[in-house]
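>>> dropping a prediction and its sequence here:
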Amino acid sequence: MANKTYKATVTSIEGYEVESQVRDFNATLDEPLSSGGTNKGINPVETLLSALGACETMVAKSFAKSQGIVLRRIKVEVQGVLDSDGYTGKNSNAKVGFSKLTSKFYVDADNTEEEVKEYIDFVTKHCPVHDTIENAPEFEDKVLTYE
């Protein structure tokens, strides 16, 4: 088994603004002005949508040649339906997270429509982010003293 552990460290800055540090990279996440943030970055649910689309795109590009797909261009548009009444507690019956995710694949390839459809099925089955969302991992939370 070739397990690899990934790590992100997220630190509160001010208000809803946070900084995420991964490897040698920093990213700012925030909420839009309409949600009480300062709009300095995309919010966490937008980050999740971006991660899904990026992963699907990268998997498509990584496996195209080995799967016989002559891929010239690909773009993935990801949409998610979220009922804010769920996470704000206004409706205890509403789902807290996304209730539906839709990925729209725009593919420019020298293959038949059927070959492209089969390939996109392959892509979604081999995308780690897609699999993580579809088949939730075991969660473990630990509360520690701030260092």
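Thanks, I have the structure now. Numbers count the residues shown, from 1 in each chain.
>>> can you list the low-confidence ranges for the protein?
Low-confidence segments of the chain (pLDDT under 70): none present.
>>> is Lys75 in contact with Ala60, as I believe?
No: between Lys75 and Ala60 there is no contact, the gap being 10.0 Å when judged by C-beta atoms under 8 Å. C-beta here means a position set from N, CA and C on the backbone, and glycine is covered the same way.
>>> would you agree Ala136 falls within a helix?
No: applying DSSP: H, G, I helix; E, B strand; the rest coil, one finds Ala136 to be coil, outside a helix.
>>> what about it, how many neighbours?
Burial measure for Ala136: 8 neighbouring residues, criterion other C-beta atoms under 10 Å.
>>> and what of Lys61?
Counted by other C-beta under 10 Å, the residues lying close to Lys61 total 14.
>>> C-alpha coordinates for the lengthiest helix in the chain, PDB please?
What stands out as the longest helix in the chain, according to DSSP state H, is helix 44-63. As requested, C-alpha coordinates have been extracted for helix 44-63 and formatted as PDB (Å, rounded to 0.1, in the frame of the first residue of the first chain):
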ATOM      1  CA  PRO A  44     -14.300  27.200   1.600                       C
ATOM      2  CA  VAL A  45     -17.200  25.800  -0.400                       C
ATOM      3  CA  GLU A  46     -15.900  27.600  -3.600                       C
ATOM      4  CA  THR A  47     -12.500  26.100  -2.800                       C
ATOM      5  CA  LEU A  48     -14.100  22.600  -2.600                       C
ATOM      6  CA  LEU A  49     -15.700  23.200  -6.000                       C
ATOM      7  CA  SER A  50     -12.400  24.400  -7.400                       C
ATOM      8  CA  ALA A  51     -10.500  21.400  -6.000                       C
ATOM      9  CA  LEU A  52     -13.000  19.000  -7.600                       C
ATOM     10  CA  GLY A  53     -12.800  20.700 -11.000                       C
ATOM     11  CA  ALA A  54      -9.000  20.900 -10.800                       C
ATOM     12  CA  CYS A  55      -8.600  17.300  -9.900                       C
ATOM     13  CA  GLU A  56     -11.000  16.100 -12.700                       C
ATOM     14  CA  THR A  57      -9.100  18.300 -15.200                       C
ATOM     15  CA  MET A  58      -5.700  17.000 -14.000                       C
ATOM     16  CA  VAL A  59      -6.800  13.400 -14.100                       C
ATOM     17  CA  ALA A  60      -8.200  13.900 -17.600                       C
ATOM     18  CA  LYS A  61      -4.900  15.300 -18.800                       C
ATOM     19  CA  SER A  62      -2.800  12.700 -17.000                       C
ATOM     20  CA  PHE A  63      -4.500   9.600 -18.400                       C
END
